[in-house]
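In: mind folding the following:
(chains A and B)
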Amino acid sequence: MTLNPECVGRRYRGTPQVIDAVRARAFATAVGSDSGAAGGELARLPSLAAVYLLAPVVALLFADAEVGLDLRRLVHGEQSFALLRPPRDGETLHPEGTIAAAEARRSLEVLRLELLATDADGDAVTAGSSLFVIRGGPRGAHPS
Amino acid sequence: MSADGPWSALPGTPLIAGSTLPEISHPITQDGIAAYAAASGDHNPIHLDEAFARAAGLPGTIAHGMLSFGLLATSLERWVAGRGRVTALHCRFAGMVRPGDHLRCRGTVRSASADGRRLELELEAVTDLGVRALTHARATIEMDGPPAAPGADDGD
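Out: Numbers count the residues shown, from 1 in each chain, chains lettered A, B, ... in the order given. Next comes the predicted model:
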């Protein structure tokens, strides 16, 4: 196992993320949503959590050499988001992630990252969970 | 039934236990993948650089798994059509999606709370080549109000 089992519990605090209408509109367009054009609330777009929560935390995880992730063999296996309340346009959210598991499973290794975005009061806005799989060979799961 | 852009809502979609939601097909293009990379900040060259992707053992560039996830979420948005909001979404990334594919998103309302306002959906996304891209997908929807009475026009 190349994953460092002692990394469980390691916590990453991402750069605070402003829910910005321009950025949200670009993301909405990229995922085929017209919610902004139709006058809807862009911040309610459920997959926007990929931008304000997942991306800033995963960037820190992938840069942490002590975890022992082999990025050449890493694939995104599963993703969950729980949207506790819609983010508001213009508000700043604080993303963080914690490694909840790092273990070997047959020829694979898996790392589970628990995610949480909180608001200025420290209240949870969005929670999430990412499962990353480190393939044991060329016929493992596909990269995502 | 299949809907394929432009990305209008489907307000008449019945959202009650047992409903099968109309398939929504999203075309996957290299330009679309590049737009997602720019919007999400994920510039992994396996999505953007054909030569790099082939050197990595792939048949060519592939779409981000999170792009497929986003397209499935957009399908949910179209089915819900402003009548509620998605409060939870989960999926497993199971198969590759490539430029030229169409990602076909499907769903079923598996169950509803007693008042009909909390819905549990089972979802999947399959390419037109039959590749099961997203599996074990599920979502929770919190509706803004109770379901429309049978036969009522909830489209306006």
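In: in whichever strand or helix holds residue A:130, which residues are buried?
Out: For residue A:130, the element it lies in under DSSP states H and E is strand A:124-134. By neighbour count on 16 or more other C-beta atoms under 10 Å in any protein chain shown, the buried set for strand A:124-134 is A:125-134. Every residue, glycine included, has its C-beta placed from N, CA and C.
In: could you dump these to JSON lines with distance to chain B?
Out: Shown next, in JSON lines, are the buried residues of strand A:124-134 (distance: C-beta to the nearest C-beta, whole Å):
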{"residue": "A:125", "distance to chain B": "12"}
{"residue": "A:126", "distance to chain B": "10"}
{"residue": "A:127", "distance to chain B": "9"}
{"residue": "A:128", "distance to chain B": "9"}
{"residue": "A:129", "distance to chain B": "8"}
{"residue": "A:130", "distance to chain B": "10"}
{"residue": "A:131", "distance to chain B": "8"}
{"residue": "A:132", "distance to chain B": "10"}
{"residue": "A:133", "distance to chain B": "9"}
{"residue": "A:134", "distance to chain B": "14"}
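In: tell me which residue is most central in chain A.
Out: Centroid check for chain A by C-alpha atoms, centre = their mean gives residue A:54 as the closest residue, at 2.1 Å.
In: just checking: what are the partner strands of the lengthiest strand in chain A?
Out: Assignment by DSSP state E gives strand A:92-105 as the longest strand of chain A. The strands that strand A:92-105 pairs with in its sheet are strand A:11-13 (antiparallel), strand A:17-18 (antiparallel), strand A:108-118 (antiparallel) (by DSSP bridges).
In: buried ones in it?
Out: Within strand A:92-105, the residues scored as buried using 16+ other C-beta under 10 Å are A:93-97, A:99, A:102.
In: now swap in stretch B:123-135 and tell me
Out: Within stretch B:123-135, the residues that count as buried by 16+ other C-beta under 10 Å are B:123-127, B:131, B:133-134.
In: end to end, how far does it reach?
Out: End-to-end span of stretch B:123-135 (C-alpha to C-alpha, to the nearest Å): 8 Å.
In: quick one: contacts of it?
Out: When contacts are defined by C-beta atoms under 8 Å, 6 or more residues apart in numbering or on different chains, stretch B:123-135 is touched by residues B:25, B:68-69, B:71-72, B:75-76, B:91-98, B:101-108, B:137-139.
In: distance-wise, check residue A:93 relative to chain B.
Out: Distance of residue A:93 to chain B, given as C-beta to the nearest C-beta, to the nearest Å: 16 Å.
In: and the residue of chain B nearest chain A?
Out: residue B:65 (2.7 Å; C-beta to the nearest C-beta).
In: which SSE is immediately downstream of the strand or helix carrying residue B:22?
Out: If you go by DSSP H and E, residue B:22 is part of strand B:20-27. Following strand B:20-27 in sequence order, the next helix or strand is helix B:30-40 (DSSP H and E).
In: in that next one, which residues are buried?
Out: For helix B:30-40, by 16+ other C-beta under 10 Å, it's B:30, B:32-33, B:35-37, B:39-40.
In: near chain A, which of the contacts of stretch B:123-135 show up?
Out: B:69, B:71, B:76, B:91-96 (C-beta under 8 Å from any C-beta of the partner chain).
In: relative to residue B:61, which of these is nearest.
Out: Nearest to residue B:61 among these is residue B:96, at 10.0 Å by C-beta to C-beta.
In: quick check: which element contains the closest one?
Out: With DSSP H and E as the test, residue B:96 turns up in no helix or strand.
In: which residues of chain B score low on pLDDT?
Out: Low-confidence segments of chain B (pLDDT under 70): B:1-9, B:11, B:148-156.
In: ok, which stretches of it are strands?
Out: Ranges of strands within chain B are B:2-4, B:20-27, B:84-93, B:102-112, B:118-127, B:132-143, based on DSSP E.
In: in contact with the nearest residue to residue B:71 once chain neighbours are set aside, which residues?
Out: For residue B:71, ignoring the flanking residues on the chain, the nearest one in space by C-beta to C-beta, 6 or more residues apart in numbering or on different chains is residue B:26 at 4.5 Å. Listed by C-beta under 8 Å, 6+ apart, the contact partners of residue B:26 are A:32, B:4-5, B:71, B:74-75, B:102-105.
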